[in-house]
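Undergrad: got a sequence here, can you model it:
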Amino acid sequence: MNTTSPLRILMSREAAASLSSDVARVLAGHAHELVTPEDDQSLQADVAFVSRDVTGLSTKHKVLPQTQRMYDRLLAAPTLRWVHIHSAGADRPVYVELRERGVQVTTSSGANATVVAQTAVLGLLALARHWPLLLAAQRERRWASLMGSGLPRDLPGQTAVVVGWGPVGQEIGRLLRAFGLQVIAVRRQAGAEQDGVRFVAAQQWRSVLPKADWLVMACPLTAQTRGMLGVAELALLPSHAGFVNVARGEVVDEAALVEALRDHRLAGAYLDVFATEPLPETSPLWTLPNVIATPHSAGFSDGNEDRVARMFLDNLALWSRGQGLKNLA
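TA: Numbers count the residues shown, from 1 in each chain. From the prediction side, this is the model:
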């Protein structure tokens, strides 16, 4: 870290108010200044922290003014060298542009892994136990025993294919194994079976789709994962299979997914992410009876803010000592 001039750290007013003493402790006497997007000095920022309150209700596809103000400052700061973001993925266009410019971008991968995994498994269990049918009957005040609509299949012994074996995928795998499912993990490279989990390389992932009772997407969005589940891959899944996506909407051909669900070539889906967010009102995914859709909220919990802040502060300590940053995108 350059000690000849103050280190300028760009963050929201809320983050600055809550983290100023922690930043001072971590920097241990190094001259620094916290600046916000409203300050002219933000254009000379060296480091930035994009907290959840900055993103707010913005999505990758619909950026609200408060979020855009921060993005504009990030892109206009010629001295910016590092940005830490609250999310696990760095696929928003602003972060892609910053990385192409040579700015280091670190994520908060792992901060909400437990919460996302719990939500993914909740969606899987809801589909497995025919919850959409039961909830529809409740709204109609209709006593609809599952004896009439078909009994749910026992989960123990079923196979879940989990695509992506980062913090979220690993926690999903752990929880599913606790329910008695067999887990096949798709990751960059294959490997020896470990803790009852079979590993398959991404290049061979289609070979395991016919075995899947459940397909769970928990991978980052990259050039390799974009559109990886398309018409051909959906056709390989058994018609009784369920689908869970807590990764990114773009990893799936959404139109092909809708058709498979509508034609019952796929039993059901829990979706927290979509090709366009917010999900357009005209999307059939809102009303398909075998779909549970949530507004990209699988990772929300009241403890995430503190976990993300600790990750930023830990990286700031590394940065101040000239050491390598963790969770580089």
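
Undergrad: can I assume V162 is in contact with A212?
TA: No: applying Cβ atoms under 8 Å as the test, V162 and A212 come out as separate, 9.8 Å apart. Quick note: C-beta positions are derived from backbone N, CA and C, even for glycine.

Undergrad: the more surrounded of those two?
TA: Counted by other Cβ atoms under 10 Å, V162 and A212 do not tie: V162 has more neighbours, with 28 against 21.

Undergrad: residues contacting that one?
TA: Contacts here follow Cβ atoms under 8 Å, 6 or more residues apart in numbering; on that basis V162 touches 169, 172-173, 176, 183-186, 216, 218.

Undergrad: secondary structure element holding V83?
TA: Assigned by DSSP states H and E, V83 belongs to strand 82-85.

Undergrad: ok, now how distant is the residue nearest to G166 when sequence neighbours are not counted from Q170?
TA: Leaving aside its sequence neighbours, G166 sits nearest to S109 (Cβ to Cβ, 6 or more residues apart in numbering; 6.4 Å). Going from S109 to Q170 by Cβ to Cβ, to the nearest Å gives 12 Å.

Undergrad: cool, and G303?
TA: 19 Å.

Undergrad: with neighbour numbers in mind, choose between the two.
TA: Taking other Cβ under 10 Å, G303 and Q170 do not tie; Q170 has more neighbours (21 against 11).

Undergrad: make sure that one is indeed in a helix.
TA: Yes: counting by DSSP: H, G, I helix; E, B strand; the rest coil, Q170 falls inside a helix.

Undergrad: who's in contact with it?
TA: Q170 neighbours (Cβ under 8 Å, 6+ apart): A113.

Undergrad: and the pLDDT for it?
TA: On pLDDT, Q170 comes in at 98.

Undergrad: same check on G150?
TA: 87.

Undergrad: tally of neighbours for it?
TA: 9.

Undergrad: with S320 instead?
TA: S320 has 17 nearby residues by other Cβ under 10 Å.

Undergrad: doesn't V200 make contact with S207?
TA: Yes: using Cβ under 8 Å, S207 makes contact with V200 at a distance of 7.2 Å.

Undergrad: what's the lowest-mean-pLDDT helix or strand in the chain in contact with?
TA: Least confident helix or strand, the chain: helix 146-149 with a mean of 82, by mean pLDDT, DSSP states H and E. Outside helix 146-149, the residues that touch it by Cβ under 8 Å, 6+ apart are 130, 133-134, 152.

Undergrad: quick one, strands of the stretch 151-300 of the chain?
TA: Applying DSSP state E, counting those that start in this stretch to the stretch 151-300 of the chain gives strands spanning 159-163, 182-187, 191-194, 197-201, 214-217, 242-245, 268-271, 291-293.

Undergrad: can you redo those as TSV with distance to S20?
TA: Formatted as TSV, the strands of the stretch 151-300 of the chain follow (distance: least, Cβ to Cβ, whole Å):
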stretch	distance to S20
strand 159-163	41
strand 182-187	40
strand 191-194	44
strand 197-201	44
strand 214-217	39
strand 242-245	39
strand 268-271	40
strand 291-293	40
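
Undergrad: mean pLDDT lowest for which of these?
TA: strand 191-194 (a mean of 93).

Undergrad: partners of that one, with directions?
TA: strand 197-201 (antiparallel) (DSSP bridges).

Undergrad: in the strand it pairs with, which residues are buried?
TA: 197-200 (16 or more other Cβ atoms under 10 Å).

Undergrad: and it, how far out from the chain middle?
TA: Strand 197-201 has its C-alpha centroid displaced from the chain centroid by 21 Å (Cα atoms, centre = their mean, to the nearest Å).

Undergrad: and if you look at stretch 238-252?
TA: 14 Å.

Undergrad: out of the buried residues of strand 197-201, which one sits closest to S21?
TA: Of all the buried residues of strand 197-201, V197 has the smallest distance to S21: 42.7 Å, by Cβ to Cβ.

Undergrad: thinking the closest one is in contact with V186, fair?
TA: No: look at V197 against V186 with Cβ under 8 Å: they stay out of range, at 10.9 Å.

Undergrad: neighbouring contacts of stretch 305-315?
TA: Contacts of stretch 305-315 (Cβ under 8 Å, 6+ apart): 15, 18-19, 22-23, 26, 49, 51-52, 84, 86, 106, 108, 110-112, 325-327.
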